[in-house]
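J.: Based on what follows, work out the 3D shape:
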Amino acid sequence: MKQSLVNLLPPATLAAILAFWAFAPQSVVEAPWALPAVGVATVVFVQCLEFAFERHEGWRMNGREFATDIFYFAFFFFVIGWLADTLVNGPLGELKAAWGIATPWLAELPFLVQAMIALFVFEFGQYWMHRAMHNWTPLWLTHAPHHHITQLNAMKGYIGNPIELFLISLGVIALLDFDLRPLFASFTVGGAIAIYAHANVSANPPIWYGFVFTTIRNHSLHHTATSYEDTRCNYGNSVIFWDRVFGTYKEGESAIVGQDERKRLSIAEQWLFPLRPWLEKHRRAEG
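T.: Residues are numbered from 1 along each chain as shown. Purely as a prediction, here's the structure:
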C-alpha cells in the first residue's frame, strides 16, 4: 500500500500544479513571484521526497552534490532565464507583432488542452535539440558535461555547460497566443516531470503516465554508464511520447550513471568542456 501511494506522487504533483494555475486568483497568477514560487516549491518537495523514499543508495545526496545543485538551480533561473527572455523570447514577441502572427483560437481552448499543447510543442523542439546534441560533435561538447553527473537527484536536470542550458531553454511558444494560466501551467508541469525524471525517488508512476511522460526509469537508462548505445535513446526531457513516435524509446533502467569512466566534473571543467579539443591540441603542441 505504501509503495502504491509513492507511485502516485508524480501524477499527484502534476494535478496539484494544474489545480493551482486553474483556480488561483488572477492577481496571484499575474504576480511576478508566482511562477518562480511554484518552481522552487516543486524542487523543494521532490528533494525532500528523496530523503523519505530513496531509490538508490549510491545516489544519496551529500554536501558537495547539494552545493553544486543549488548553484546551478539558481544560475538557470536567474541567468539563463534572463538570457532566454532577453535574447529570444522578447525578440520573438516583437517579430510576432511585426509580422502579424496571431493564433487567438488557442486562447479559446479549455485550460487543460492549452497547457498540454504548449507542453507538447515545447517538448517537440526539446526532443530534436537533445537528439542533435547526441549526434553532432559541436553540440555534444556542450551536452557532455550533463552526462558526467554520477548520480541523479531532483536538481540534476539543471546541471550542464551554460551553452547547453541556454539552448535547452529555447522554444517558439512566444509566437503563440496562449492564455497566461495554461502557459504557466505547461512550464511548471514540464519542470515537475523533468525534476522527477532526475530524482532519487522510488516512485514508479502508473502505466499511462510513463507512456506519455518521462520517468526516472526512462531517463536513468539515457544516463547509463554501462552502455554507450543505451544513452542514445529516451531523449524526451519531459515528454517520452516523442521518443515513441520517432523510434528512440527504449525500456530499461540504470543505477550506474556517468560518462568517461564516471569522472565527475567540477563546475570549471563543465564550463570549459566545449574547449577541450582545442585545449588538448594546444597542450600537445606545447609538449
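
J.: make it CA atoms for all contacts and neighbour counts henceforth
T.: Noted.

J.: Any regions of the protein where pLDDT drops low?
T.: For the chain, applying pLDDT under 70 flags the ranges 287.

J.: ok, now with 90
T.: Low-confidence segments of the chain, defined by pLDDT under 90: 1-2, 227-230, 259-261, 263, 276-287.

J.: F241: neighbouring residues, count only.
T.: A count of nearby residues for F241, using other C-alpha atoms under 10 Å, gives 23.

J.: whoops, V212 was the one
T.: Counted with other C-alpha under 10 Å, V212 comes out at 16.

J.: Could you do the one 5 residues further on as well?
T.: Residues contacting R217 under the criterion other C-alpha under 10 Å number 21.

J.: What residues does it make contact with?
T.: Neighbour list for R217: A197, N204, G252, E253, S254 [criterion: C-alpha atoms under 8 Å, 6 or more residues apart in numbering].

J.: Go through those residues and flag which are in helices.
T.: Counting by DSSP state H, those place A197 in helices.

J.: And the helices in the stretch 51-200 of the chain?
T.: Secondary structure of the stretch 51-200 of the chain (DSSP state H, counting those that start in this stretch): helices at 63-75, 81-84, 90-99, 104-107, 111-133, 137-147, 162-167, 180-198.

J.: Distance from the second one to the middle of the chain?
T.: Distance, stretch centre to chain centre, for helix 81-84: 16 Å (C-alpha atoms, centre = their mean, to the nearest Å).

J.: send the alpha carbons of it over as CSV?
T.: In CSV, the C-alpha atoms belonging to helix 81-84 read as follows (Å, rounded to 0.1, in the frame of the first residue of the first chain):
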residue,chain,number,x,y,z
GLY,A,81,16.1,32.6,-17.7
TRP,A,82,17.1,36.3,-18.2
LEU,A,83,19.2,35.5,-21.3
ALA,A,84,16.4,33.5,-22.9
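
J.: who wins for neighbours among the contacts of R217?
T.: A197 (26 neighbours).

J.: how far away is it from A98?
T.: According to C-alpha to C-alpha, to the nearest Å, A197 and A98 sit 39 Å apart.

J.: likewise A194?
T.: Distance of A194 to A98, given as C-alpha to C-alpha: 34 Å.

J.: thinking again about what came up before, which of the helices of the stretch 51-200 of the chain is buried the deepest?
T.: helix 180-198 (a mean of 24; mean count of other C-alpha atoms under 10 Å).

J.: Can you give the distance from it to the centre of its chain?
T.: 9 Å.

J.: got the CA positions of that helix in PDB?
T.: Listed next in PDB are the C-alpha coordinates belonging to helix 180-198 (Å, rounded to 0.1, in the frame of the first residue of the first chain):
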ATOM      1  CA  LEU A 180      -1.400  33.000 -19.100                       C
ATOM      2  CA  ARG A 181      -2.800  30.300 -16.800                       C
ATOM      3  CA  PRO A 182      -2.200  27.300 -19.100                       C
ATOM      4  CA  LEU A 183       1.100  28.700 -20.300                       C
ATOM      5  CA  PHE A 184       2.500  28.900 -16.800                       C
ATOM      6  CA  ALA A 185       0.900  25.500 -16.100                       C
ATOM      7  CA  SER A 186       2.800  24.000 -19.000                       C
ATOM      8  CA  PHE A 187       6.100  25.500 -17.800                       C
ATOM      9  CA  THR A 188       5.800  24.200 -14.300                       C
ATOM     10  CA  VAL A 189       4.200  20.800 -15.200                       C
ATOM     11  CA  GLY A 190       7.100  20.200 -17.600                       C
ATOM     12  CA  GLY A 191       9.500  21.200 -15.000                       C
ATOM     13  CA  ALA A 192       8.000  18.900 -12.400                       C
ATOM     14  CA  ILE A 193       8.100  16.000 -14.800                       C
ATOM     15  CA  ALA A 194      11.800  16.600 -15.500                       C
ATOM     16  CA  ILE A 195      12.600  17.000 -11.800                       C
ATOM     17  CA  TYR A 196      11.000  13.600 -11.000                       C
ATOM     18  CA  ALA A 197      12.900  12.200 -14.000                       C
ATOM     19  CA  HIS A 198      16.200  13.100 -12.400                       C
END
